[in-house]
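[1] model the following, please.
(chains A and B)
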Amino acid sequence: MSVRQIIQARLEADLAPLHLEVANESDQHSVPPDSETHFRVVVVSDAFAGQRKVARHQRVYGVLEAQLKGPVHALALHTFTPDEWQARQQSAPASPDCLGGSKADPGV
Amino acid sequence: MDTIETIKEQIAGNDILLYMKGSPNQPQCGFSAQTVQALMACGERFAYVDILSNPDIRASLPKYANWPTFPQLWVKGELIGGCDIIMEMAESGELQTLVKEAAATQSAS
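    Down below sits the predicted model:
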């Protein structure tokens, strides 16, 4: 299974999302071709009702703990309840452009 | 000093604090750049820590914060979120309100 598929499967199992997008955006960053390091996730779930954003993201980070400790370097995360998703007309913000930070970043 | 103690002191001592990659003038990552821009647009002073030049903090803060990535915005001792949350809050106007309130009640330090 690719990292993308693992992320998708884990989120589906934990959050029963009404809507889930998992995109590999690694090719927009300064990493080798075909890397699986940078992801963007949009998840819409009833499980987020009454939760602040920090708590929602912490839940997702918990579900993906192994992936974040391993191959995943960046995770753009957009979490909505079904009502919020409707109000946004079913669109989430795009990820920012890369600034080439891995050249200055000994941790990558 | 113990790294966790340093982190606690930074968070307690700065009402508006951004942990980021690079500096506000020279961010080293798109997520940090976007966040710092949104924060600067609020027009208040804030403190920052460049985690690329502070590897101990970079290694320890994610566990302490229960937040695995950078940037991280802390306001009045509370983790507000990373880039995605800050951008959503900037869009809705919540960020401006939060930062203005924090600055207005800032202890003279």
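
[2] so where do the helices sit in the chain?
    Since you didn't name a chain, this refers to chain A. A:3-15, A:53-63, A:65-69, A:82-87 (DSSP state H).

[3] my bad, the chain I had in mind was chain B
    Secondary structure of chain B (DSSP H): helices at B:3-13, B:30-40, B:55-65, B:83-92, B:94-104.

[4] chain center to the fourth one: distance?
    Yep, that's helix B:83-92 we're talking about. 13 Å (CA atoms, centre = their mean, to the nearest Å).

[5] likewise for the first one?
    With CA atoms, centre = their mean as the basis, helix B:3-13 stands 13 Å off its chain's centre.

[6] and it, what does it pack against?
    With contacts taken as 3 or more CB pairs under 8 Å, 6 or more residues apart in numbering or on different chains; DSSP states H and E, helix B:3-13 sits against helix B:55-65. (Each C-beta comes from the backbone N, C-alpha and C, glycine too.)

[7] grab the CA positions of the helix it packs on and hand them over as CSV.
    Provided in CSV are the C-alpha atoms of helix B:55-65 (Å, rounded to 0.1, in the frame of the first residue of the first chain):
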residue,chain,number,x,y,z
PRO,B,55,17.1,21.7,17.0
ASP,B,56,16.5,20.9,20.7
ILE,B,57,13.2,22.8,20.7
ARG,B,58,12.3,21.3,17.4
ALA,B,59,12.8,17.8,18.8
SER,B,60,11.0,18.4,22.1
LEU,B,61,8.1,20.8,21.3
PRO,B,62,5.9,18.4,19.2
LYS,B,63,5.6,16.0,22.1
TYR,B,64,5.0,18.7,24.7
ALA,B,65,2.4,20.4,22.5
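
[8] what helices or strands is that helix leaning on?
    By 3+ CB pairs under 8 Å, 6+ apart, helix B:55-65 packs against helix B:3-13.

[9] angle of the helix it packs on against helix B:55-65?
    On the basis of axes from the mean of the first three to the mean of the last three CA atoms, to 10 degrees, helix B:3-13 is oriented at 70 degrees to helix B:55-65.

[10] which parts of helix B:3-13 are buried?
    Buried residues in helix B:3-13, counted by 16 or more other CB atoms under 10 Å in any protein chain shown: B:3, B:6, B:7, B:10, B:11.

[11] please apply the same query to stretch A:62-74.
    A:63, A:64, A:67, A:68, A:72, A:73, A:74.

[12] near chain B, which of those show up?
    Filtering those for neighbours of chain B using CB under 8 Å from any CB of the partner chain leaves A:68, A:74.

[13] just the pLDDT for residue B:36.
    Looking at residue B:36, its pLDDT is 98.

[14] same question, residue B:1
    Looking at residue B:1, its pLDDT is 71.
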